[in-house]
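> After the sequence you'll find the predicted model.
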Amino acid sequence: MSTLVTGIAELVTNDPAAGPGPLGVVPDAAVVVADGAIAWVGPASGAPEADHRIDVGSRAVIPGFVDSHAHLVFAGDRAAEFEARMSGARYDGGGIASTVAATRAAPDEELRGRVRALVAEMRSQGTTTVEIKSGYGLTVADEARALRLAAEVTPETTFLGAHVVPGEYAGRPGDYVELVTGPMLAACAPHARWIDVFCEPASAHAFDGEAARAVLEAGRVAGLGLRVHANQLSAGPGVQLAVELDAASADHCTHLTDADVDALAAGSTVATLLPGVEFSTRSPYPDARRLLSAGVPVALATDCNPGTCFSSSMAFCVALAVREMSMTPAEALWAATAGGAAALRRRDVGNLRPGSRADLAVLDAPSYRHLAYRPGVPIVRTLELPPA
Ligand code: NIG
Ligand code: FE
């Protein structure tokens, strides 16, 4: 079964072979989808016939967003912590413990329902690929449960047992790292594609460079790809460790030294910026222009989680990136689609090249620029296609 999508006022392909610029923009375009994949892309005047036809009515179409960083398996609520931050309280990761307690206490069905509701909320806003981390269980059974539930809805699952040192290991971080790299990793690796660690020596709750290295190296031996929560609250070893170990992504990158930027520029690790976190923690934004000028590949993601950013909206991140980090609308859209795919080392999503997955998002607008131009307005949705 094939479907011809017409009425596309402006098509963003992220394929420089299809049109000008890194976005590969095609005006007055059409797309043919077959068996869930892109079969043809080009000017509407040259479109072939297909079994079905969908007219999107002179709207812009973009690749579905790739949200490469989210923490969706949790219970509880931290609205009061958010409220306190808005009146000046600082974020240091300490609030994670309350989500851990609520998550451990929640039955499977509650967690499953919450994850599915958040993924549906994302999809309704144009996100077609999402990475989901564990990290609110922090026991062998609770981390494995979180990853099993995440794997029901995405192949991009990340073991984050090294999120914080849980209360029962207070003052014994070395013992907890042994648990994470031993029995917890063994139970979680079958359900995970990635391993991640919150490397933040300045936080009393997170992990220093030595512990982060132990976690990442153990994950690699277990066959997992690497990602790092790096340099969120202060400059530290996370970014350079990520590059040295060829992690797919260093996430946050809010506090960078020149040596960090040089390392990212020389390596193949993507810098994933999460501006919703700076918004929701009232913190200074990362210097996206410094990274882009150095030639570092940049991704944007939501970090959707109950503590530092309870937003599932990639369009919101794009608007923040443009308004607060001086990214151009084109750079921000690329980072939220192709950049996210690069951060997950995927070539089949984040673009609309022939052969890629048929993940199309429609804007209630004539141009992708409206994503930042109309902040807070729900103009983007995933295009649901007839079943293959
Ligand atoms: O990406 N920094 C560590 N982890 C999350 C926050 C988790 C939480 O506060 O619940 C983050 O910001
Ligand atoms: Fe995070």
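Perfect, thanks for sending it. Numbering: from 1, shown residues only. Ligands and ions are numbered 1, 2, ... in the order given.
> C-alpha only now, for contacts and for neighbours.
Fine.
> What distance do you get for V322 to ligand 1?
Distance, V322 to ligand 1, by C-alpha to the nearest ligand atom, to the nearest Å: 21 Å.
> ok, now V296?
Counting by C-alpha to the nearest ligand atom, the gap from V296 to ligand 1 is 21 Å.
> And for that residue, the neighbour number?
22 (other C-alpha atoms under 10 Å).
> repeat for E83
13.
> Could you measure from it over to S98?
Distance of E83 to S98, computed by C-alpha to C-alpha, to the nearest Å: 16 Å.
> Same check on A29?
Applying C-alpha to C-alpha, the value for A29 to S98 is 49 Å.
> ok, those two, which is more surrounded?
Neighbours were counted for A29 and for S98 using other C-alpha under 10 Å; A29 has more, 24 against 15.
> Need the phi and psi values for the nearest residue to G167 once chain neighbours are set aside.
Excluding the flanking residues, the one nearest G167 by C-alpha to C-alpha, 6 or more residues apart in numbering is A97, at 7.5 Å. Backbone torsions of A97, given as degrees, to the nearest 10, read phi -60, psi -40.
> Equivalent analysis for G95, please.
Taking degrees, to the nearest 10, you get phi -70, psi -20 for the backbone angles of G95.
> tally of neighbours for it?
Applying other C-alpha under 10 Å, we find 15 other residues in the vicinity of G95.
> What sits closest to it if chain neighbours are left out?
Spatially, and ignoring its direct neighbours in sequence, G95 is nearest to G307 (6.9 Å; C-alpha to C-alpha, 6+ apart).
> Next, the contact list for the one you found, please.
Counting by C-alpha atoms under 8 Å, 6 or more residues apart in numbering, G307 makes contact with 78, 81-82, 95-96.
> May I see the ChimeraX selection of the buried members of those residues?
Filtering those down to the buried ones (16 or more other C-alpha atoms under 10 Å) takes a single ChimeraX command:
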select :78,81,82,96
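> Would you check which pair of the contacts of G307 lies furthest apart?
Greatest spatial distance in the contacts of G307: F82 and I96, 12.4 Å, computed using C-alpha to C-alpha.
> gap between stretch 263-275 and the chain center?
Offset of stretch 263-275 from its chain centre (C-alpha atoms, centre = their mean, to the nearest Å): 14 Å.
> And the residue of the stretch 51-200 of the chain that's closest to ligand 1?
Per C-alpha to the nearest ligand atom, I96 is where the stretch 51-200 of the chain lies closest to ligand 1, at 4.4 Å.
> check which helix or strand covers the closest residue to that residue other than its chain neighbours.
Of all residues not flanking I96 in the chain, G307 sits nearest, at 6.9 Å (C-alpha to C-alpha, 6+ apart). Counting by DSSP states H and E, no helix or strand carries G307.
> Nearest to the spatial middle of the chain, which residue is it?
Central residue of the chain (C-alpha atoms, centre = their mean): S68, 2.2 Å from the mean position.
> Tell me the residues of the stretch 1-150 of the chain that contact ligand 1?
Within reach of ligand 1 by C-alpha under 6 Å from any ligand atom, the stretch 1-150 of the chain has these residues: 93, 95-96.
> In the protein, which helix is the longest?
helix 108-123 (DSSP state H).
> Just checking, which helix or strand succeeds that helix along the chain?
Per DSSP H and E, the first helix or strand lying C-terminal to helix 108-123 is strand 127-130.
> Does the residue nearest to the centre of the chain touch T128 like I think?
No: the criterion here is C-alpha atoms under 8 Å, and S68 misses it with T128 at 10.7 Å.
> where does whichever residue of the stretch 251-388 of the chain sits closest to ligand 1 sit relative to E278, distance-wise?
Going by C-alpha to the nearest ligand atom, ligand 1 is nearest to G307 of the stretch 251-388 of the chain, at 3.6 Å. G307 sits 12 Å away from E278, going by C-alpha to C-alpha.
> elements contacting the longest helix of the chain?
helix 140-151 (3 or more C-alpha pairs under 8 Å, 6 or more residues apart in numbering; DSSP states H and E).
> Give me the buried positions along the helix or strand immediately after the helix it packs on in the chain.
Once the chain leaves helix 140-151, the next helix or strand it forms, by DSSP H and E, is strand 157-162. Buried residues in strand 157-162, defined by neighbour count with 16+ other C-alpha under 10 Å: 157-162.
> what's the answer for stretch 38-58, then?
38-44, 47, 56, 58.
> Kindly report the same for stretch 217-234.
Buried, per 16+ other C-alpha under 10 Å, within stretch 217-234: 217-220, 222, 224-233.
> Now intersect those residues with the helices, please.
Per DSSP H, helices hold the following members of these: 217-220.
> Just give me the closest of the residues you listed to ligand 1.
For these, the residue nearest ligand 1 by C-alpha to the nearest ligand atom is G219; the value is 18.4 Å.
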